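[1] Fold the following.
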Amino acid sequence: MKNLWIALSFLGLAAGAAENPLAGLPSKAQGAHVAKIQGLGDNSWAVLGCPAPDPKYGVARGRSWCSKMAAAENLGGAFLCGTGVHGATPDGRYMDDLWFYDAHAHRWICLYPGADPKTLKLHLDKNGFEVNEAGDHIPVSYLSHAYNNTTYNPDLKLYHIMWTQCPWWTKALPQRYDWLDVPAEKRTYGNVGGIIPLTKHPLFWDVAKGRWDRKFVEGAGPGGRFEGVAEYIPSLKKTFYTHSGTTWFYDYAANTWTAGPKVPASIKGIDSNGCYDAKRERIYVAQGRGFAVFDIKANTWQEVQAPGQPEDLGNTNSNHMNFDSANGVVLWQKKKGPVFIYDPDANTWTDAGSAFPEVPWKKYSVRYMGSHGFYSAELNVHFFYLAGDSGNTDANMLVYRYKRAAQGVEQAAK
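    Next comes the predicted model:
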């Protein structure tokens with residue numbers, strides 16, 4: 001009897017693992033795209049083509065104001081989420097889906113396909129969060145655009161989303177009002193009550209469990225909807241978040257937020273790009289004409305105006321900012337435009353003079369072609385996914401290498 005119980009338990013665990021879409025990652029790096037990456041020289045691009053579709057849900061759609069894909073080196077890829085054109089439902093589901101790009105296999109993995117208007121039925125738990133009948137958290141319309149409000153904690157294997165209240169669900173999911181306990185007279189555009197929209201309650205995709213989780217946080221923390229910059233800091237075991245002139249740190253062990261110093265005036269607005277420099281323990285944040293650096297050890301901000309700095313560093317709809325760890329520099333790239341390199345040691349910007357490769361734009365103009373990216377330290381390339389806003393016509397994955405690392409990508413790909 002005991003052996004039978006053990007066998008059944010093992011089968012149950014195996015079945016659970018099989019249902020977890022990321023359980024087998026990282027994949028083995030192989031395929032034609034690997035050869036293209038291996039062949040990249042300095043300051044060069046390669047067009048990888050459209051990633052292989054998820055067997056059930058196809059190819060991830062593009063989404064505006066979503067330049068960041070949070071990289072997960074221990075999984076060999078990066079996450080992508082965020083709504084497109086006002087929560088468009090081009091495939092019948094609300095666009096609060098979640099995807100993972102497997103860079104080793106050049107394929108899309110759909111982690112969550114988005115709310116199904118025909119079957120979605122939830123209720124509120126004791127904390128006022130939406131859950132299904134089994135008590136599992138099912139976030140609804142958790143992001144408008146993604147901005148820079150996502151990061152990844154490799155220590156706990158948690159994809160961390162700063163909840164950014166989105167009001168576009170009312171037409172697609174009118175039944176949501178039935179379980180939100182919002183009085184009829186207050187059923188205004190996007191009103192979900194006072195608990196759900198608070199940014200301080202973090203939303204996670206738990207990689208090990210293959211499901212959503214949301215934590216209720218007592219006390220202070222980031223307020224309502226904001227378009228900020230989130231970065232996990234391994235040395236602190238905390239996530240850094242800056243928005244609207246404030247700085248916050250989330251402690252995973254204590255489930256609390258701690259306030260940090262106010263940010264410089266040049267970046268105190270919303271919709272910033274940012275990246276984390278593990279070499280120097282810094283975070284760089286760019287917004288329009290502003291550029292600032294946060295020193296993690298000193299817990300201080302400093303505005304930067306360096307020689308060669310682009311006149312306008314833009315926002316999350318038109319520009320990317322990643323830290324290139326192989327070369328210790330910051331890469332900034334304008335959508336279908338130039339690549340600039342910021343050298344923190346020299347405190348200078350340089351135009352790399354790299355021409356953007358020709359790719360098809362049959363249906364979408366440059367303005368409406370979403371551009372999402374991340375840097376792979378393992379492969380030493382910057383990935384850029386191009387796809388139409390709320391669509392995937394002419395979807396394409398590009399890679400760019402600034403300079404070869406000492407070991408080269410060949411070693412990482414073996």
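
[2] would you list every one of the helices in the stretch 151-300 of the chain?
    Assigned by DSSP state H, counting those that start in this stretch, the helices in the stretch 151-300 of the chain fall at 177-180.

[3] all strands for it, in order.
    Assigned by DSSP state E, counting those that start in this stretch, the strands in the stretch 151-300 of the chain fall at 158-161, 203-206, 211-214, 229-233, 238-243, 246-251, 256-259, 273-277, 282-287, 290-295, 300-303.

[4] helices and strands around the fourth one, which ones?
    In other words, strand 229-233. strand 150-153, strand 238-243, strand 273-277, strand 282-287 (3 or more CB pairs under 8 Å, 6 or more residues apart in numbering; DSSP states H and E). No exception for glycine: its C-beta is placed from N, CA and C like everyone else's.

[5] got the angle for it vs strand 238-243?
    Angle of strand 229-233 versus strand 238-243, following axes from the mean of the first three to the mean of the last three CA atoms, to 10 degrees, is 160 degrees.

[6] outside of strand 229-233, which residues touch it?
    Strand 229-233 has contacts (CB atoms under 8 Å, 6 or more residues apart in numbering) with 148-154, 160, 162, 238-243, 249, 272-276, 281, 283, 285, 296.

[7] Tell me the buried residues within those residues.
    148-153, 160, 162, 238-243, 249, 272-276, 281, 283, 285, 296 (16 or more other CB atoms under 10 Å).

[8] sorry, back to before: of all the strands of the stretch 151-300 of the chain, which lies closest to Leu331?
    Closest of the strands of the stretch 151-300 of the chain to Leu331 is strand 273-277, at 8.5 Å (criterion: CB to CB).

[9] could the strands of the stretch 151-300 of the chain be laid out in CSV, adding mean pLDDT and distance to Leu173?
    Below are the strands of the stretch 151-300 of the chain laid out as CSV (pLDDT from 0 to 100; distance: least, CB to CB, whole Å):
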stretch, mean pLDDT, distance to Leu173
strand 158-161, 98, 19
strand 203-206, 98, 18
strand 211-214, 98, 17
strand 229-233, 98, 26
strand 238-243, 96, 27
strand 246-251, 97, 29
strand 256-259, 98, 29
strand 273-277, 97, 31
strand 282-287, 97, 32
strand 290-295, 98, 37
strand 300-303, 97, 40
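
[10] now Lys262: how far from His372?
    The spacing between Lys262 and His372, counted by CB to CB, to the nearest Å, is 30 Å.

[11] actually Trp65, sorry about that
    To His372, Trp65 is 10 Å away according to CB to CB.

[12] Equivalent analysis for His106, please.
    Note on His106: its distance to His372, by CB to CB, is 15 Å.

[13] Check Pro338 too.
    Distance, Pro338 to His372, by CB to CB: 18 Å.

[14] between the two, which one's more packed in?
    Taking other CB atoms under 10 Å, Pro338 and His372 do not tie; His372 has more neighbours (26 against 14).

[15] That one belongs to a strand?
    Yes: with DSSP: H, G, I helix; E, B strand; the rest coil as the criterion, His372 is located in a strand.

[16] what bridges to it?
    Taking DSSP bridges as the rule, His372 bridges to Tyr385.

[17] Using the three-state scheme, assign Val34.
    Assignment for Val34 (three-state DSSP): helix.

[18] What is the burial count for it?
    22.

[19] same question, Tyr189
    9.

[20] quick one: it and Pro167 touch, right?
    Yes: with contact defined as CB atoms under 8 Å, Tyr189 and Pro167 form a contacting pair (5.4 Å).

[21] Asn317 should be in a helix, yeah?
    No: using three-state DSSP, the secondary structure at Asn317 is coil, not a helix.

[22] Model confidence score at the residue lying closest to Gly210 once chain neighbours are set aside, please.
    Spatial nearest neighbour of Gly210, excluding adjacent residues (CB to CB, 6 or more residues apart in numbering): Asn20 at 3.3 Å. On the pLDDT scale, Asn20 is placed at 93.

[23] again with Trp361
    In this model, Trp361 is scored at 69, pLDDT.

[24] show me the contacts for Ile124.
    Residue 124: Leu, not Ile. Per CB under 8 Å, 6+ apart, neighbours of Leu124: 130-131, 179-181.

[25] Just the buried ones from those?
    If we count by 16+ other CB under 10 Å, those have these buried: 130-131, 180.

[26] got any ranges where the stretch 1-150 of the chain has weak pLDDT?
    In the predicted model, the stretch 1-150 of the chain carries pLDDT under 70 at residues 1-18.

[27] Pipe the strands of the stretch 151-300 of the chain into CSV and attach distance to Val381 per row.
    Shown next, in CSV, are the strands of the stretch 151-300 of the chain (distance: least, CB to CB, whole Å):
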stretch, distance to Val381
strand 158-161, 21
strand 203-206, 25
strand 211-214, 30
strand 229-233, 20
strand 238-243, 25
strand 246-251, 30
strand 256-259, 35
strand 273-277, 15
strand 282-287, 20
strand 290-295, 24
strand 300-303, 30
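
[28] Ok, which of those strands comes nearest Leu398?
    So among the strands of the stretch 151-300 of the chain, strand 273-277 is nearest, using CB to CB, at 18.2 Å.

[29] That closest one to strand 238-243, inter-axis angle?
    Angle, strand 273-277 to strand 238-243, by the same axes, to 10 degrees: 150 degrees.

[30] Now do strand 273-277: everything it contacts.
    Residues contacting strand 273-277 (CB under 8 Å, 6+ apart): 67-68, 148, 229, 231-233, 240, 242, 282-287, 313-316, 319-323, 328, 330, 332, 344.

[31] Show the buried residues in the residues you listed.
    For the contacts of strand 273-277, buried by 16+ other CB under 10 Å: 67-68, 148, 229, 231-233, 240, 242, 282-287, 313-316, 319-323, 330, 332, 344.

[32] So Ile37 belongs to a strand, correct?
    No: under three-state DSSP, Ile37 sits outside any strand and is assigned helix.

[33] What degree of burial does it show, as a neighbour count?
    Other residues lying near Ile37 total 24 when counted by other CB under 10 Å.
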